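>>> this is a predicted model, with the sequence first.
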Amino acid sequence: QRYTNHSVGSTVIVDALSSDPIDTARLDELEIVFINIAMPKLVQWKLVHLLPKLANYALTRSDMNGHTCGAVFNAYALCHRLDLALATWERLVSRGVDIGPIGSSALMKACARQRDLPAALQVFDQLMRRRVTFNAYTYHCLLQLCASAGHMEEALAVYNLQRLETEAANLPNAYTYTALMRGVLVTRRVELTQQLFENMVEDGVTADARLYCIFLTAAGRAGDVSLARYLYQHMVATVELPPPQLHKRQLQQLQEERQRQHTDSRSLGSRHASDTVSSTDADKQASSSSPFVLNFEAVSSAEQHEEPAGNLLMLVNALLFAHAQVGALQGALAVYKQELLGRGLVPDAYTSTALLTAAARVSNALLDWSDVQYVVDTIQQYDIDLTTQLGTALINAYRKVRVWKGVVGGASSSTSAAADGRQQQQQEMADQYAAGQQFLEAVGAPALVDVQHVVAAALHAAQQVMQQLHNRKLATSNTYIVMLCFLLEQGQKRAFRQLLQQMQAEGIQPDSHGWERLLIAAEECGMYEEVMQANKQADQRVMRWSVRQRTAPGSPSAEAFDSCSR
C-alpha cells in the first residue's frame, strides 16, 4: 500500500509539473516525503526536463529538510548533471541553508559518480568552512574517489580529519581503511602499510578477512615478508577461524562410509530384535565406535562454514604471494603445509600459482626439480584446473630449474665436459651422466646437445604445458614469451621458430616489452639478428593492417580522405 501511495503521489506530481505554470496548489497538498521520492522517479521515467522545476519548488518549501537536498543532488547525479547539482548547492549556500549530513553525503556522492575529484575537493573545503554537519559516508565517498584516482596525499588529509571527529559514528571504520589500502595498491605507496595498520589497531577498528587480505597484498608487494607474517598472525589471533574443511572427495567418501555403517547397524538391530539394545542404540554404538565419526562431524561443521573457510584460504594465498615476491620458496612451502593443509583447507589454482612464482624467483639458480614436481603433484592430487596464470607460472618455474637430486648443474649430453685428466673425476662424471640418462628416460624427455639433463627434462615438461594451454585456447602473449625465452636460452632454434609461427598463426603478437625480452634472450644463442628481423616484420604487418583499416570503404578516415580529394 505504501508503494502504491508513492507511485500515485509521483503521478500527481508529474501532472502538476506538466501544467503551465505548474500547479503549486496540488503540490502543496502533498507531504514533502512524496516530493523527495518523486525526484529519482522522474529520472527513471525519462522526464528529466521536469526535474529542475520540481527541485526549485521543493527547495522553497518551508518543510524542506536535508533529505530534500539529498534527493535533489542524487537525482541530478542519476541523470549525469553534476553542474546542476553544484549550481543548486551554490544557491543554497547563498541562502545560508545547512544541507546537513544527508545532503552533504549526497552531494559528495554526486561528485564521485562523475569521478570529478577537483569538484569534490572544492565542495568538501566549502563544507568544512561553513561547518556543515558531516557523516561517515561523506568522508568515505571522498576517500574512495581520492584513492581510486591515485591521489593519496588528498586521501590521507581527509583521513586525518576524520580521525579528529568527535562523533563516534563518524570515526574511521573498516570501510575507511579498505578505501585507503586500495589507494595504497593503486599508487604503490606500500610503505604506508605498516603505519595504517598500526593506526587501525589504535583506533580499535575490527578488520574483516578482505581487509586483512588487502594489507597482506600490500605487504607482499613491498617485499616485506616479516610484516606479512605479523599481519597474518594478528589475523589469526583476532578473527574467529572456521573448523577444518575437507576435500570434496573426502567429503563424499566419509558420507558413503557413514551411510554404509548406518545401514549395517540397522541390519544388526533387526537380526537381534530380542536384545535390549534397540536399533537406535545400535546406531549410536556403531557411530561412537566408528573412526569416521569425528571426521563426519568435521564435515558437517565445514559445510556450515564454507564461506569463512574460503576467506581463510584467500588470506593464506595472500601470505603465499608475499613469500613469492621475494622468492622465499621454503617459507612458502612451510606456510602451505602448516597454515593451509594443517587447517584442512583445499588448495586452488591461486595457491599453486603462488608456490610456482616463489619457485621461479629462487636466487642463485638453486631451484630443484623436486620442488617444482611437488607443486605439480599437488595440482594433480586436488584436481586443480589449468588456468592461464597457473600454466604460465609453471612454465616459468620449469625455466628456472637447475638442480637435480641436490647437484647443481648436472651432466650434459656433450662429451667435451668429460675431458679431464683425472680418472676418478671422469668416472664420477660418467656415473652422473648415466644417472642423468636414466632420469630423462624416466620422465620421457629426449636428451639435448649441450643441455643439462635436468634442464632438458624441464624444457620437455614446459613444452607439454605449453601444448595444453594452446589446445585449450588459454595461452596469452606473456605465456608464449616465457616459453620462447626458455627455448632461446637453451639454444633450441628450430623449436623457437615453430612456436613463434604458431603464436603468429593464433593472431597473437608480442608487445614492445615482449620483444625486448626475446631480444635479450636471443643474444645468448646468436639469434639476435633473426629475432630483430621478426620484430620488424611484425611491425610492418601491424602498419599495413592499420592502413587497410583507415582506407577501408565506409570508414571515417576513408570518407574524410574522399572529401579532401574532391
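Received the coordinates, thanks. Note that the structure is predicted; figures quoted are calculated from it, not measured.
>>> okay, now residue 506: neighbour count?
13 (other C-beta atoms under 10 Å). Where you see a C-beta, it was placed from the backbone N, CA and C, and this is true even at glycine.
>>> and for residue 449?
For residue 449, using other C-beta under 10 Å, the count is 10.
>>> over to residue 439?
So residue 439, with other C-beta under 10 Å, has 19 neighbours.
>>> same question, residue 202
So residue 202, with other C-beta under 10 Å, has 9 neighbours.
>>> so residue 82 is in contact with residue 109, correct?
No: Residue 82 lies out of contact with residue 109 (C-beta atoms under 8 Å); the separation is 10.7 Å.
>>> quick check: phi and psi on the spatially closest residue to residue 130 that is not a sequence neighbour?
Spatially, and ignoring its direct neighbours in sequence, residue 130 is nearest to residue 93 (6.9 Å; C-beta to C-beta, 6 or more residues apart in numbering). Phi and psi for residue 93, reported as degrees, to the nearest 10, are phi -60, psi -40.
>>> what pLDDT does residue 93 get?
Residue 93 carries a pLDDT value of 88.
>>> return the distance of it relative to residue 14.
30 Å (C-beta to C-beta, to the nearest Å).
>>> just to revisit the earlier point, now for residue 82 and residue 109: what residues contact both?
Here residue 82 and residue 109 have no joint contacts, going by C-beta atoms under 8 Å, 6 or more residues apart in numbering.
>>> tally of neighbours for the residue nearest to residue 130?
15.
>>> for the one 4 residues further on, same thing?
Residue 97 has 16 neighbouring residues, counting by other C-beta under 10 Å.
>>> pLDDT score for it?
88.
>>> what's the closest non-adjacent residue to residue 348?
Nearest non-adjacent residue to residue 348 (C-beta to C-beta, 6+ apart): residue 384, at 6.4 Å.
>>> low-scoring stretches of the stretch 351-500 of the chain, by residue?
Scanning the stretch 351-500 of the chain with the threshold set as pLDDT under 70 gives 365, 405-422.
>>> please, where are all the strands along it?
367-368, 401-404, 407-408 (DSSP state E, counting those that start in this stretch).
>>> ok so, going back, who's in contact with the residue nearest to residue 348?
347, 348, 349, 352, 378, 390.
>>> show me the contact partners of the host helix or strand of residue 504.
Assigned by DSSP states H and E, residue 504 belongs to helix 493-505. For helix 493-505, contacts defined as C-beta under 8 Å, 6+ apart pick out 463, 466, 470, 477, 480, 483-484, 487-488, 509-510, 525, 527, 534, 538.
>>> only whichever of those are buried, select them in ChimeraX.
Selection of buried members from the contacts of helix 493-505 for ChimeraX, criterion 16 or more other C-beta atoms under 10 Å:
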select :463,466,470,480,483,484,487,488,509,510,525,527,534
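>>> and the contacts of helix 493-505, which is closest to residue 145?
residue 477 (33.5 Å; C-beta to C-beta).
>>> test my guess that the closest one contacts residue 513.
No: with contact defined as C-beta under 8 Å, residue 477 does not count as touching residue 513 (9.7 Å).
>>> which stretches of the stretch 201-350 of the chain form helices?
Per DSSP state H, counting those that start in this stretch, the stretch 201-350 of the chain carries helices over the ranges 209-221, 225-238, 248-271, 279-289, 293-304, 306-325, 329-335, 349-360.
>>> could you list the buried residues of the second one?
Residues of helix 225-238 classed as buried under the neighbour-count rule (16+ other C-beta under 10 Å) are 225, 227, 228, 229, 231, 232, 235.
>>> got JSON lines for these, with pLDDT and distance to residue 144 too?
Shown next, in JSON lines, are the buried residues of helix 225-238 (pLDDT from 0 to 100; distance: C-beta to C-beta, whole Å):
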{"residue": "225", "pLDDT": "94", "distance to residue 144": "30"}
{"residue": "227", "pLDDT": "94", "distance to residue 144": "25"}
{"residue": "228", "pLDDT": "95", "distance to residue 144": "25"}
{"residue": "229", "pLDDT": "95", "distance to residue 144": "29"}
{"residue": "231", "pLDDT": "94", "distance to residue 144": "23"}
{"residue": "232", "pLDDT": "94", "distance to residue 144": "26"}
{"residue": "235", "pLDDT": "89", "distance to residue 144": "24"}
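>>> and which of those is nearest residue 9?
residue 235 (50.0 Å).
>>> so for the closest residue to the closest one other than its chain neighbours, what's the pLDDT?
Using C-beta to C-beta, 6+ apart and skipping the chain neighbours, the partner closest in space to residue 235 is residue 212 (4.6 Å). Residue 212 carries a pLDDT value of 93.
>>> could you check how far residue 212 is from residue 75?
Using C-beta to C-beta, residue 212 is found at 38 Å from residue 75.
>>> reduced to three states, what does residue 200 come out as?
helix (DSSP: H, G, I helix; E, B strand; the rest coil).
>>> give me every residue that touches it.
Applying C-beta under 8 Å, 6+ apart, the residues near residue 200 are 172, 177, 207.
>>> and if we set it to 7 Å?
177, 207 (C-beta atoms under 7 Å, 6 or more residues apart in numbering).
>>> if we can go back for a sec, what's the closest of the buried residues of helix 225-238 to residue 334?
residue 229 (10.6 Å).
>>> give me the pLDDT for the spatially closest residue to the closest one that is not a sequence neighbour.
Excluding the flanking residues, the one nearest residue 229 by C-beta to C-beta, 6+ apart is residue 319, at 7.3 Å. Residue 319 carries a pLDDT score of 95 in this model.
>>> no more questions from me, cheers.
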